[in-house]
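Engineer: Sequence unavailable; structure follows:
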Ligand SMILES: [Zn+2]
């Protein structure tokens, strides 16, 4: 398969890439167009910008669905433009640089020198327009909504809604054909975020990776995300073992373990152990409260006083 366009609705395009099975977006208005994510490297971004110029010569603005490198390392090809995102530019640069170094090292370990070089020479372009809550962006004759999601696949997810066409660009909140990635996720909050975003019942839902699909597919994945959250909670409370959760979940053992790892990372640290006896008696706090669930029949004789 080579890279290709799919027109999912009137002047709403999805660019399907072979690399990472990514889905980038393009929404064209009468006056300008909105580019949704820019790909994994400067080279990928350049190829994407060239493909866009075959469809439209209108000026562009860019939206980042979140800060993971594969969604924004291609932006240098887009020159000076408004770039919308939830997290601020300074965060993008420092986190981006960290990811760039990590990716380059990984590709070198895998003897993929061309990819390593392509990432290493990708100049990072931070966002310059911040989205907090929701922003309606008028592209001329059509308004798209850039919506901050809250905690889900990352702590800075943003989706793009095209209400007149019934299209939702969901970023990595949804993945088609591969399990969702929990490496920086919030397993408990994620499913509710998707439920909320599906509230207006979009006709077409574009995942960050994999083929565009419909509302019912997205709803199914929201249900699976909720099951993972439930399993995490049950493992945390000792109702299930990690092995049971790994064996019985919608996305497979690896994804379940990643979700559980993330859950543990987010859990508050256990209380400090009591200090060793050192001659001084250890300072003891008040005893824990005793909770009694039985109904007690108090029989107080007031006449005694
Ligand atoms: Zn991601």
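Structural biologist: Here it is on my side, so go on. Since this is a predicted model, take the numbers as computed values, not measurements.

Engineer: Now do the strands in the stretch 51-200 of the chain.
Structural biologist: All strands of the stretch 51-200 of the chain, identified by DSSP state E, counting those that start in this stretch, fall at 60-63, 83-85, 129-130, 134-138, 143-150, 157-162, 167-169.

Engineer: Most tightly packed of those strands?
Structural biologist: Comparing those by mean neighbour count (mean count of other CB atoms under 10 Å), strand 167-169 ranks first with a mean of 28. Bear in mind the C-beta positions are built from the backbone N, C-alpha and C, glycine included.

Engineer: Does residue 56 touch residue 31 like I think?
Structural biologist: No: using CB atoms under 8 Å, residue 56 is not in contact with residue 31, being 11.0 Å away.

Engineer: neighbour-wise, which of the two wins?
Structural biologist: Between residue 56 and residue 31, residue 56 has the larger neighbour count (other CB atoms under 10 Å), namely 15 against 12.

Engineer: Quick check: the more buried one vs the ion, distance?
Structural biologist: 27 Å (CB to the ion, to the nearest Å).

Engineer: which residue does the stretch 1-150 of the chain bring closest to the ion?
Structural biologist: Distances between the stretch 1-150 of the chain and the ion by CB to the ion are smallest at residue 68, namely 3.5 Å.

Engineer: so residue 168 bridges to which residues?
Structural biologist: residue 161, residue 205 (DSSP bridges).

Engineer: Would you mind listing what in the protein touches the ion?
Structural biologist: 68, 172 (CB under 5 Å from the ion).

Engineer: Out of the strands of the stretch 51-200 of the chain, flag the one nearest residue 20.
Structural biologist: Closest approach to residue 20 among these (CB to CB): strand 167-169, 16.3 Å.

Engineer: Which strands or helices does the closest one pack on?
Structural biologist: strand 157-162, strand 204-206 (3 or more CB pairs under 8 Å, 6 or more residues apart in numbering; DSSP states H and E).

Engineer: and the residue of the stretch 151-300 of the chain nearest the ion?
Structural biologist: Nearest residue of the stretch 151-300 of the chain to the ion: residue 172, at 3.6 Å (CB to the ion).

Engineer: mind checking pLDDT for that residue?
Structural biologist: On pLDDT, residue 172 comes in at 98.

Engineer: what's the answer for residue 188, then?
Structural biologist: The model's pLDDT for residue 188 equals 95.

Engineer: Which helix or strand contains the residue nearest to it when sequence neighbours are not counted?
Structural biologist: Excluding the flanking residues, the one nearest residue 188 by CB to CB, 6 or more residues apart in numbering is residue 229, at 5.1 Å. Following DSSP states H and E, one finds residue 229 within helix 215-236.

Engineer: Quick check: buried residues in the helix or strand following that helix?
Structural biologist: The helix or strand immediately downstream of helix 215-236 is helix 242-247, counting by DSSP H and E. Across helix 242-247, burial judged by 16 or more other CB atoms under 10 Å covers 245-246.

Engineer: Just list what helix 242-247 packs against, helices and strands only.
Structural biologist: Short answer (3+ CB pairs under 8 Å, 6+ apart): helix 242-247 packs on helix 215-236, helix 253-266.

Engineer: on that earlier part again, so the residue of the stretch 1-150 of the chain closest to the ion makes contact with residue 172?
Structural biologist: Yes: here residue 68 lies in contact with residue 172, judged by CB under 8 Å, at a distance of 6.8 Å.

Engineer: joint contacts of these two?
Structural biologist: Shared contacts of residue 68 and residue 172 (CB atoms under 8 Å, 6 or more residues apart in numbering): residue 154.

Engineer: which sections of this protein are below the confidence cut-off?
Structural biologist: Counting by pLDDT under 70, the low-confidence segments of the chain come to 1, 275-284, 288-305.

Engineer: Next up, the contacts around the residue positioned nearest the centre of the chain.
Structural biologist: Compute the mean C-alpha point of the chain, and by CA atoms, centre = their mean the closest residue is residue 153, 2.7 Å away. Contacts for residue 153 (CB under 8 Å, 6+ apart) come out as 66, 171-173, 180-181, 184-185, 190.

Engineer: And the residues you listed, which of them are buried?
Structural biologist: 66, 171-173, 180-181, 184-185, 190.

Engineer: Take the residues you listed and lay them out in TSV including distance to residue 161.
Structural biologist: What follows is the buried ones among the contacts of residue 153, written out as TSV (distance: CB to CB, whole Å):
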residue	distance to residue 161
66	16
171	12
172	16
173	13
180	20
181	22
184	23
185	22
190	18
